[in-house]
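**Q** Sequence isn't available, so here's the structure alone:
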């Protein structure tokens with residue numbers, strides 16, 4: 001009886017191994033889809049591939065795995081990942097499927113590294129949990145990197161928008177129309193990779209393709225959902241609906257942005273003074289220990 005159970009167990013394990021092999025072979029033999037060079041995301045991908053050799057070597061594997069995991073994603077999950085990538089400025093030019101594939105690859109690499117580290121340590125105690133812990137960390141690494149890039153991008157747009165509004169107000173005061181003023185901001189920039197310039201370039205292209213100003217500005221607000229951009233877009237859309245001169249609206253926006261910059265600088269200066277209290281107290285405590293410590297030791301030796 002025990003021999004029959006053992007044979008049955010071997011048969012089940014063999015069948016499971018064959019099934020896993022067939023599934024793996026079917027997944028591995030499926031053709032990979034080529035990356036699309038179209039759109040802002042395709043342009044960003046081409047730039048990163050040309051400048052980053054490490055990503056150029058890993059990108060085919062990420063794209064290959066992205067095709068395989070695309071079936072397990074719902075439309076809501078795909079839209080959520082696309083929004084995260086868009087907020088990060090089309091980070092690395094990846095798609096939602098490649099985002100998930102990159103997370104899985106990062107987790108797998110961390111699991112292997114954790115297994116190797118646990119084996120070297122001895123595989124006892126917390127070392128057994130090291131692959132699991134590192135696997136979870138690796139799974140979150142692409143998310144942390146993309147959200148960090150999104151925060152830096154939104155900060156750069158918030159800092160750069162007031163200067164762009166100033167230049168647009170001057171350009172429209174000199175007789176240019178709105179698309180010409182936006183184009184002037186793009187042409188006068190010394191850094192084409194600046195997030196603010198990238199968004200204004202996309203805005204110019206949208207207007208050149210025949211999209212309405214309202215649609216182009218609304219898309220700009222979706223890609224950069226910060227307070228300064230929302231106020232800028234809302235003022236321009238309202239001016240267009242009411243027929244107010246856009247040049248005057250931009251001048252008002254420029255004055256308001258300068259005021260907000262000065263207020264923000266004063267707030268940061270005030271917060272800096274409060275934030276310095278803690279480090280200064282630690283430095284004072286260390287100095288007092290250096291002064292009073294030897295005195296205490298001498299008094300203790302004298303009493304003994």
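**A** Okay, I see it. In this text, all values refer to a predicted model and were calculated from it rather than measured experimentally.

**Q** quick one: pLDDT of residue 93?
**A** According to the model's per-residue confidence, residue 93 sits at a pLDDT of 86.

**Q** from what I can see it touches residue 50, true?
**A** No: in this structure residue 93 lies outside contact range of residue 50 using CB atoms under 8 Å: 11.2 Å. C-beta: built from backbone N, CA, C; applies to glycine.

**Q** ok, these two, which is more surrounded?
**A** Applying other CB atoms under 10 Å to residue 93 and residue 50 shows that residue 93 carries more neighbours, namely 24 against 9.

**Q** give me the number of residues near the closest residue in space to that one that isn't next to it in sequence?
**A** Leaving out its chain neighbours, the residue that sits closest to residue 93 by CB to CB, 6 or more residues apart in numbering is residue 45, at 2.6 Å. Burial of residue 45 is recorded as 23 neighbouring residues (other CB under 10 Å).

**Q** what about residue 96, distance to residue 105?
**A** Using CB to CB, to the nearest Å, one gets 15 Å for the distance from residue 96 to residue 105.

**Q** which residues sit in contact with residue 246?
**A** Residues touching residue 246, when contacts are defined by CB atoms under 8 Å, 6 or more residues apart in numbering, comprise 172, 178, 236, 239, 240.

**Q** do the same with residue 85
**A** For residue 85, counting by CB under 8 Å, 6+ apart, the contacting residues are 41, 91, 94, 95, 96, 99, 146.

**Q** Would you confirm that the first one contacts residue 92?
**A** What it means is residue 41. No: here residue 41 lies out of contact with residue 92, judged by CB under 8 Å, at a distance of 9.3 Å.

**Q** Show me which of these two is the more surrounded one.
**A** Each of residue 41 and residue 92 has its neighbours counted (other CB under 10 Å); residue 92 has more, 24 against 21.

**Q** who are the neighbours of the helix or strand containing residue 294, in terms of helices and strands?
**A** Counting by DSSP states H and E, the secondary-structure element that holds residue 294 is helix 277-303. Contacts defined by 3 or more CB pairs under 8 Å, 6 or more residues apart in numbering; DSSP states H and E place helix 277-303 against no helix or strand at all.

**Q** In it, which residues are buried?
**A** By 16 or more other CB atoms under 10 Å, helix 277-303 has no buried positions at all.

**Q** And stretch 103-111, by the same measure?
**A** Buried residues in stretch 103-111, counted by 16+ other CB under 10 Å: 103, 104, 105, 106, 107, 110, 111.

**Q** from those, which single one is nearest residue 294?
**A** Of all the buried residues of stretch 103-111, the one sitting nearest residue 294 is residue 110; the distance, using CB to CB, is 48.4 Å.

**Q** which residue is nearest the middle of this protein?
**A** A centroid search over the chain (CA atoms, centre = their mean) returns residue 146, at 2.5 Å, as the residue closest to the centre.

**Q** Tell me which stretches of the stretch 151-300 of the chain form helices.
**A** Taking DSSP state H, counting those that start in this stretch as the criterion, the stretch 151-300 of the chain carries its helices at 178-188, 195-208, 213-223, 227-242, 246-275, 277-303.

**Q** between these, which gets nearest to residue 119?
**A** The stretch from those with the least distance to residue 119 (CB to CB) is helix 277-303; that distance is 41.0 Å.

**Q** mean confidence score for that closest one?
**A** In this model, helix 277-303 has an average pLDDT of 78.

**Q** Rounded mean pLDDT for the helix or strand containing residue 117, please.
**A** Taking DSSP H and E as the definition, one finds residue 117 inside helix 96-121. Per-residue pLDDT over helix 96-121 has a mean of 85.

**Q** Show me how far it is from its chain's centre.
**A** The gap between the average C-alpha position of helix 96-121 and the chain average comes to 20 Å, counting by CA atoms, centre = their mean, to the nearest Å.
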